[in-house]
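Undergrad: Next one to model:
(one chain, ligands or ions: 1)
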Amino acid sequence: MNSRRDFLQKLTASAIALPFFTEHASAETKNKNDKPYDGPVLKVAIMGLGSYGTRVADAMVACKAAKLTGAISGTPSKIKAWQEKYGIPEKNCYNYENFDQVKNNPDIDAIYVITPNGLHKDQVIRVAKAGKHAISEKPMAVNAAEAREMVEACKKANVKLLVGYRMHFEANTLEVIRMRTSGELGKIYFFQGLSGFRIGDPTQWRLNKKLAGGGAMMDIGIYSINGARYMIGEEPIWITAQETKTDPVKFKEGVDETIQFQMGFPSGAVASCLSTYSMNGLDKFYLNGEKGFAEMQPSTGYGPIKGRTNKGELNLPHVTHQTVQMEEMSAIILQGKKPVVPVDGEEGLRDMIIIDAIFEAAKTGKKVMLK
Ligand code: NDP
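TA: Now for the predicted structure:
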């Protein structure tokens, strides 16, 4: 347990140093206040300059071990704005047609793919073939078969594949995981995960089966799936699921609105979860063991994450999730660091296998067994 404690202590120490920098703090201000960093720096290009891509870029301003050096976009005006805002040189800018040329660019080590889900597979495989490390946003693909192809392609190209699971680096989340692994909660029996928001514009890609791969499950339900796995600390062996659709015009065939699902784990622990695009403010985890509990709400939002356990409040300091994530991903890629909870392609693949099983269980009404 000591290594976990050490990790948390280190994380908390860096967490304390970081809140002085807002997402928009300049690198110049940072250097004045901070000890100079002389470790390796991961040079990152972001692909897909949308809402989340911008959030990651802003958060990276405060990073020491990762630096935004490139941009890949289908929208020239966004490239121009990013060049000005983040100081990205012209030679590090690409579009979706020519980004394979990144192969010859030593200023980019890794490409963070932050485009619609249905595009991740082809884009990540092209990144791997260009010899660059790939970070894919969640869900890494739209099904397990695609995710497997991505894992294989990155293995073959000898590059790392990571998935943007920012909660795996969040201090309060890691504290609950520490309590569970140290036995403080006793044998775990139950997890509840509630993930949802009310989706707006019916024309957006998130409601397009081809681009999204599904509906709420791919986008937000995945937090409860992933959370159940890292909170319970086991892999599910069976799945049951029930789907409810109140608006078949907005939520077309293959685009799920609301799914309740249950997962059974080898120890006998059970997870009961809800994924929805119909209700706002659903962001809650609850973990219960024979000796104690942890309750987090919000549990996966951008933070601060709040909650309590049988021991009291969870109050480790908030640090911009994407800043911590990119610092840690730099250490994983460049220094072989092993995170407490993995963020590699295999980890992303496990969630995709479960999502496939949830869709099958919802469709057939049968319990689906997992290997
Ligand atoms: P946005 O729609 O805001 O941005 C997506 C960007 O992808 C677009 O702005 C566009 O950028 C690019 N793009 C390329 N092809 C298309 C296309 N056919 N249709 C639409 N956009 C296209 O989405 P988000 O940023 O919210 O989500 C992107 C990814 O990030 C998703 O996989 C999502 O699940 C994930 N995400 C993860 C979060 C997390 O907390 N980990 C939070 C939010 C999203 P350009 O114009 O530059 O080409």
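
Undergrad: measure residue 163 to the ligand for me?
TA: Residue 163 sits 9 Å away from the ligand when distances are taken as Cβ to the nearest ligand atom, to the nearest Å. All C-beta atoms are positioned from the backbone trio N, CA, C, and that covers glycine.

Undergrad: who touches that residue in this structure?
TA: Taking Cβ atoms under 8 Å, 6 or more residues apart in numbering as the contact definition, residue 163 lies against 135-138, 140, 343-345, 347-348.

Undergrad: any idea which of those has the most stuff around it?
TA: residue 140 (30 neighbours; other Cβ atoms under 10 Å).

Undergrad: my read: it touches residue 149, true?
TA: No - counting by Cβ atoms under 8 Å, residue 140 sits too far from residue 149 to count as a contact (10.6 Å).

Undergrad: thinking again about what came up before, in helices, which of the contacts of residue 163 appear?
TA: Taking DSSP state H, the ones among the contacts of residue 163 that sit in helices are 345, 347-348.

Undergrad: hmm, back to that, what about the ligand: which of the contacts of residue 163 touch it?
TA: Checking the contacts of residue 163 against the ligand by Cβ under 6 Å from any ligand atom, the ones in range are 137-138.

Undergrad: Residue 340: what secondary structure?
TA: Assigned with DSSP: H, G, I helix; E, B strand; the rest coil, residue 340 falls in the coil class.

Undergrad: Report whether the expected contact of it with residue 165 is present.
TA: No - Residue 340 is not in contact with residue 165 according to Cβ under 8 Å; the separation is 11.5 Å.

Undergrad: who has more neighbours, these two?
TA: residue 165 (25 against 18).

Undergrad: How about the contacts made by the more buried one?
TA: Per Cβ under 8 Å, 6+ apart, neighbours of residue 165: 138, 226, 341, 343, 347-348.

Undergrad: is it true that residue 179 touches residue 294?
TA: Yes - Residue 179 is in contact with residue 294 according to Cβ under 8 Å; the separation is 6.7 Å.

Undergrad: any common contacting residues for the two?
TA: 185, 309.

Undergrad: neighbour-wise, which of those two wins?
TA: residue 294 (27 against 21).

Undergrad: Spell out which helix or strand contains the more buried one, please.
TA: Assigned by DSSP states H and E, residue 294 belongs to strand 293-296.

Undergrad: Just give the strands next to that strand in its sheet, each with its orientation.
TA: Strands adjacent to strand 293-296 in the sheet, as given by DSSP bridges, are strand 282-289 (antiparallel), strand 307-309 (antiparallel).

Undergrad: Check the ones you listed for me and report the most buried one.
TA: Highest mean neighbour count of the strands paired with strand 293-296: strand 282-289, a mean of 22 (counted as mean count of other Cβ atoms under 10 Å).

Undergrad: State the pLDDT value of residue 33.
TA: Residue 33 carries a pLDDT value of 58.

Undergrad: nope, residue 36 is what I was after
TA: pLDDT, residue 36: 88.

Undergrad: Give me the neighbour count for it.
TA: Counted with other Cβ under 10 Å, residue 36 comes out at 6.

Undergrad: so which strand or helix has it?
TA: When elements are assigned from DSSP H and E, residue 36 belongs to no helix and no strand.

Undergrad: center of the chain, which residue is that?
TA: When Cα atoms, centre = their mean is applied to the chain, the residue found nearest the centroid is residue 165 (2.3 Å).

Undergrad: Can you give me the neighbour number for the closest residue to residue 236 other than its chain neighbours?
TA: In this structure, residue 236 finds its nearest non-sequential neighbour in residue 263, 3.8 Å apart by Cβ to Cβ, 6 or more residues apart in numbering. Residue 263 has 28 neighbours, counted by other Cβ under 10 Å.
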